[in-house]
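Colleague: Here is a sequence with its predicted model. Questions after.
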Amino acid sequence: MMKAEYSMQALKAGIIAFLMGFSPAVAQDAPAAPPVGQPPVVVELYTSQGCSSCPPADALLQQLAGRPEVIALALHVDYWDYIGWEDSFARPEFTQRQRRYARAAGASAIYTPQFVVSGQQHVIGARPMELMDGIRAAAAAMEPMGLTIERQGDGVRIRASALPQPRPLVVQLVRYMPRETVDVLRGENAGLALSYANIVTDWTAVAEWDGAAPLDIEVEAPGDAPLVVLVQDAGQGRICAAARLLPG
């Protein structure tokens, strides 16, 4: 386990350039739909309230959370809980998901903060320009499959078109909290009030699909928390498509 270090001056300059590289921002708490025909790119951030290197990456994710082109998700890990502050959002299954990415990439260690773009590109720490390049490359490679989500009572209906090249895929449902602030009392970030965006609370594989025939399933999803459905190559590979459903 490692921590990524950063330069605050370089980070501020990078964020400005990062935002200039996208179209004008929309309100962070209500992302619009991505451009017609362009599926959004999933960006996962592995972070911890107890990691002193993480706040800049958390701030960068907050900027991404308002982008219609991106589905930004914060997954809090539990392996820094022992150094003085137990992360209130951490889940061991998120740590395991990060470990699976490391194994798939042939890496020997996991670290925070770490961005994973579209299940493939790994970005160490808060590196805005590298992250933007990864998002642009992932957007160009997204697979058109007509993925849609429709609310139906306490569940959702998930549909997608058949694929020209069938293969093993996993359909996953993600729930998250849009925004929270935490007063950290101990550990490396003691005395700070840290703000977070799109904090994942649950990540569940709901179906296996080979893409040979259209997908049409109904899944339980009670409550009004925002949700994301994503389709990922089996073996924790590339995230091929994603869609978001907001309350109301």
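Modeller: Structure's in. What do you need?

Colleague: which residues of this structure fall in helices?
Modeller: Taking DSSP state H as the test, the helices found in the chain are 8-20, 55-64, 92-105, 128-141.

Colleague: just checking, what packs against the third one?
Modeller: This means helix 92-105. Where contact means 3 or more CB pairs under 8 Å, 6 or more residues apart in numbering; DSSP states H and E, helix 92-105 is packed against strand 70-76, strand 114-117, strand 193-209. Bear in mind the C-beta positions are built from the backbone N, C-alpha and C, glycine included.

Colleague: now swap in the shortest one and tell me
Modeller: Under the contact criterion of 3+ CB pairs under 8 Å, 6+ apart, the helices and strands touching helix 55-64 comprise helix 8-20, strand 41-47, strand 70-76, strand 193-209.

Colleague: And the last one, by the same measure?
Modeller: Identification of packing neighbours for helix 128-141 by 3+ CB pairs under 8 Å, 6+ apart yields helix 8-20, strand 41-47, strand 114-117, strand 121-124.

Colleague: Check which residues of that helix are buried.
Modeller: Neighbour-count burial for helix 128-141, with 16 or more other CB atoms under 10 Å as criterion, is recorded at 128, 130, 131, 132, 134, 135, 138, 139.

Colleague: ok so, going back, could the helices and strands packed on helix 92-105 go into CSV alongside mean neighbour count?
Modeller: Formatted as CSV, these follow (neighbours: other CB atoms under 10 Å):
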stretch, mean neighbour count
strand 70-76, 26
strand 114-117, 24
strand 193-209, 17
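
Colleague: Lowest-scoring secondary structure element of the chain by mean pLDDT?
Modeller: Lowest mean confidence among the helices and strands of the chain (mean pLDDT, DSSP states H and E): helix 8-20, at a mean of 52.

Colleague: and stretch 88-106, which residues are buried?
Modeller: 89, 90, 91, 94, 95, 97, 98, 99, 101, 102.
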